[in-house]
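Engineer: Would you be able to build a 3D model of this:
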Amino acid sequence: MTERNIRLRFEEVKDFVSAASKCDFDVDIFYNRYSVDAKSILGVMGLDLSRVLTVRYNGYDSDFEQYLNRFAIAG
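Structural biologist: Now for the predicted structure:
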């Protein structure tokens with residue numbers, strides 16, 4: 001299980017969901033105890049985007065890893 005901390009802006013949600021949807025494994029994104037499927041645009045938009053979000057996934061896709069690096073923060 002891999003976890004990455006990211007920060008998204010509202011205008012980046014569509015591209016993030018698109019990148020997550022290309023993965024053939026489950027990708028979840030959460031803040032505190034609220035967790036949603038990262039492949040759901042409505043779910044991701046429902047999160048508090050002003051906060052640091054955690055992406056959790058169990059698989060590897062090099063394109064997705066590179067995409068997440070754009071939003072990664074230390075944590």
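Engineer: all strands of the chain, in order?
Structural biologist: 2-6, 27-31, 34-37, 53-57 (DSSP state E).
Engineer: Show me what the first one is packed up against.
Structural biologist: Using 3 or more C-beta pairs under 8 Å, 6 or more residues apart in numbering; DSSP states H and E, the elements in contact with strand 2-6 are strand 53-57. In short, each C-beta sits where N, CA and C put it, glycine included.
Engineer: buried stuff in the strand it packs on?
Structural biologist: Applying a neighbour-count criterion of 16 or more other C-beta atoms under 10 Å, one finds 53, 54, 55, 57 buried in strand 53-57.
Engineer: show me what contacts the last one?
Structural biologist: In this case it means residue 57. 1, 2, 23, 25, 26, 27, 28, 38, 64 (C-beta atoms under 8 Å, 6 or more residues apart in numbering).
Engineer: ok, so of the residues you listed, who is nearest residue 9?
Structural biologist: residue 38 (15.7 Å; C-beta to C-beta).
Engineer: hang on, the earlier thing: reformat the strands of the chain as CSV; add distance to residue 12 and mean pLDDT.
Structural biologist: What follows is the strands of the chain, written out as CSV (distance: least, C-beta to C-beta, whole Å; pLDDT from 0 to 100):
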stretch, distance to residue 12, mean pLDDT
strand 2-6, 10, 95
strand 27-31, 12, 95
strand 34-37, 16, 94
strand 53-57, 11, 96
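Engineer: is it possible to export these to TSV including distance to residue 71?
Structural biologist: Formatted as TSV, the strands of the chain follow (distance: least, C-beta to C-beta, whole Å):
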stretch	distance to residue 71
strand 2-6	4
strand 27-31	11
strand 34-37	16
strand 53-57	9
